[in-house]
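> just to be clear, the model below is a prediction. Sequence and coordinates:
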Amino acid sequence: MSDLFAELPEPRLEPAFEVTVQVGPPRDHGITSAGHRRVVPILGGRITGSLEAEILAGGSDRQLIASDGTIGIDAEYSAVAAAGPLLIRTRGVRRGAAEVLARLGRGQPVDPGAYYFRTTFEVEAAAPEFAELQGTLFVAVCRRDGSEVRYRVHRIV
């Protein structure tokens, strides 16, 4: 049986593009039926690299905060590229020591190696030029810098 698995290719990560998202102050919704919910408005931003697009204001990150401070990320926003509009969704996790997360929450600079912040990146679009993006899996390494979230997106090949 192990021979069957030996034939499977090992996945590799290939840099795809970089994203900078401007975010507004989080709105705390308190303890809901799902848990401690916070919504962070997306104010705009930019995607650069193999995908070039302008991120539009109006999206949000609906965060679910665990008792240990770990944040479940669930963001949706729109962007516009030369070939047409895009819907983007990122899902992931940001966790770290309580003091590190507190500094991030206050907008203070924190070394991105001091906490774990990873997401998936999904694209939905009507334009045929985006067919390959929609049929590819992406993961991102992220950092929070004050009122910006920056991430490098990698294609899984």
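All right, it came through fine.
> kindly list the longest helix within this protein.
helix 98-105 (DSSP state H).
> could I have that one exported to CSV, CA atoms only?
Once non-C-alpha atoms are left out, helix 98-105 reads as follows in CSV (Å, rounded to 0.1, in the frame of the first residue of the first chain):
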residue,chain,number,x,y,z
ALA,A,98,-1.3,37.0,25.1
GLU,A,99,1.1,39.9,25.4
VAL,A,100,1.9,39.7,21.6
LEU,A,101,-1.8,39.6,20.7
ALA,A,102,-2.4,42.6,23.0
ARG,A,103,0.3,44.6,21.3
LEU,A,104,-1.2,43.7,17.9
GLY,A,105,-4.6,44.8,19.2
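> following that helix, which helix or strand shows up next?
strand 115-124 (DSSP states H and E).
> and the next element down the chain from that next one?
Towards the C-terminus, the helix or strand next in line after strand 115-124, according to DSSP H and E, is helix 131-134.
> contacts made by that following helix with the rest, please.
Counting contacts by CB atoms under 8 Å, 6 or more residues apart in numbering, the residues outside helix 131-134 that touch it are 51, 123-125. Every C-beta, even on glycine, is put in place using the N, C-alpha and C of the backbone.
> brilliant, that's me finished.
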